[in-house]
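Trainee: model the following, please.
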Amino acid sequence: MKKAPNYASLKIKAKDLFLKGKQQKEIAELLGVSTVTVSKWVNAANWKTERDARINSSNSRTENIREIIGHLSGQQVELLKKITEAEKTGKVDMAKELRIQADGVADDVSKWNKTLKDIDKDNRITLSVYLDVMDQVFRHLKSYSLELYHKTLDFQELHVYEMSKRIG
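Mentor: Below you'll find the predicted structure:
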């Protein structure tokens, strides 16, 4: 007799894969379920909105900008090597052109660093907002399962204390 799949477990795996950017058809193939099943899960719980929010989160944008800055810094290093070589070989015009390019890259790095600082500043939340959100989470946890709520009281207290130090 064939054992029925554990759809609850598959749904959790499907959501994780979906949030990581996998397509519904690929998820269905990986998990051995139909594309229709995956589509129903995605639509019922509005996973697209969550995925979009995660992709556009300040953390994602920050990581992307850091990657751009790293790439530009690599370009800057290569240009500086070429400038040194051009100067050693007496190619003054080439060195001048390379300096102009290097200055442009340096300007780009400066602008991206400013954008990075602005994102960090814009996405700071106040401690009071954070505490309001956590109060809602803990209240919902309590209504969901009083037993689970009681088991997490120490965690809640420690978490709020740590975040108060960090944000406050």
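Trainee: quick one, phi psi at the residue of the chain most remote from its centre?
Mentor: Using C-alpha atoms, centre = their mean, the residue of the chain lying farthest from its centre is Gly90. It sits 47.0 Å away. Dihedral pair for Gly90: phi 80, psi 20, per degrees, to the nearest 10.
Trainee: from Arg124, how far off is it?
Mentor: Plainly put, Gly90 is 52 Å away from Arg124 if you go by C-beta to C-beta, to the nearest Å. C-beta coordinates here come from the backbone N, C-alpha and C atoms, glycine included.
Trainee: now the residue nearest the centre of the chain, nearest residue through space, not along the chain?
Mentor: By C-alpha atoms, centre = their mean, the chain has its centre lying nearest to Ser60, at 3.0 Å. Closest residue to Ser60 apart from its sequence neighbours, by C-beta to C-beta, 6 or more residues apart in numbering: Arg54 at 6.8 Å.
Trainee: my guess is that neighbour contacts Leu19, does it?
Mentor: Yes - the criterion here is C-beta atoms under 8 Å, and Arg54 meets it with Leu19 at 6.1 Å.
Trainee: how far out from the middle of the chain is stretch 59-69?
Mentor: On the basis of C-alpha atoms, centre = their mean, to the nearest Å, stretch 59-69 sits 9 Å off its chain's mean C-alpha point.
Trainee: next, the buried residues of it.
Mentor: Across stretch 59-69, burial judged by 16 or more other C-beta atoms under 10 Å covers Ile69.
Trainee: tell me the predicted confidence for the residue nearest to Ser60.
Mentor: At Arg54, the model reports a pLDDT of 81.
Trainee: one more: Met163?
Mentor: On the pLDDT scale, Met163 gets 87.
Trainee: same question for Lys117.
Mentor: Note on Lys117: pLDDT of 86.
Trainee: element containing it?
Mentor: helix 92-122 (DSSP states H and E).
Trainee: touching, Lys82 and Lys96? I think so.
Mentor: No - Lys82 lies out of contact with Lys96 (C-beta under 8 Å); the separation is 12.0 Å.
Trainee: quick one: which of those two has more around it?
Mentor: Neighbour count, other C-beta atoms under 10 Å: between Lys82 and Lys96, Lys82 has more, with 18 against 12.
Trainee: now that one: how far from Lys88?
Mentor: Taking C-beta to C-beta, one finds Lys82 at 11 Å from Lys88.
Trainee: and what of Ser128?
Mentor: 60 Å.
Trainee: and Leu19, by the same measure?
Mentor: Distance of Leu19 to Lys88, given as C-beta to C-beta: 52 Å.
Trainee: who's in contact with stretch 87-100?
Mentor: Taking contacts as C-beta atoms under 8 Å, 6 or more residues apart in numbering, the residues outside stretch 87-100 that touch it are 79, 82-83, 86.
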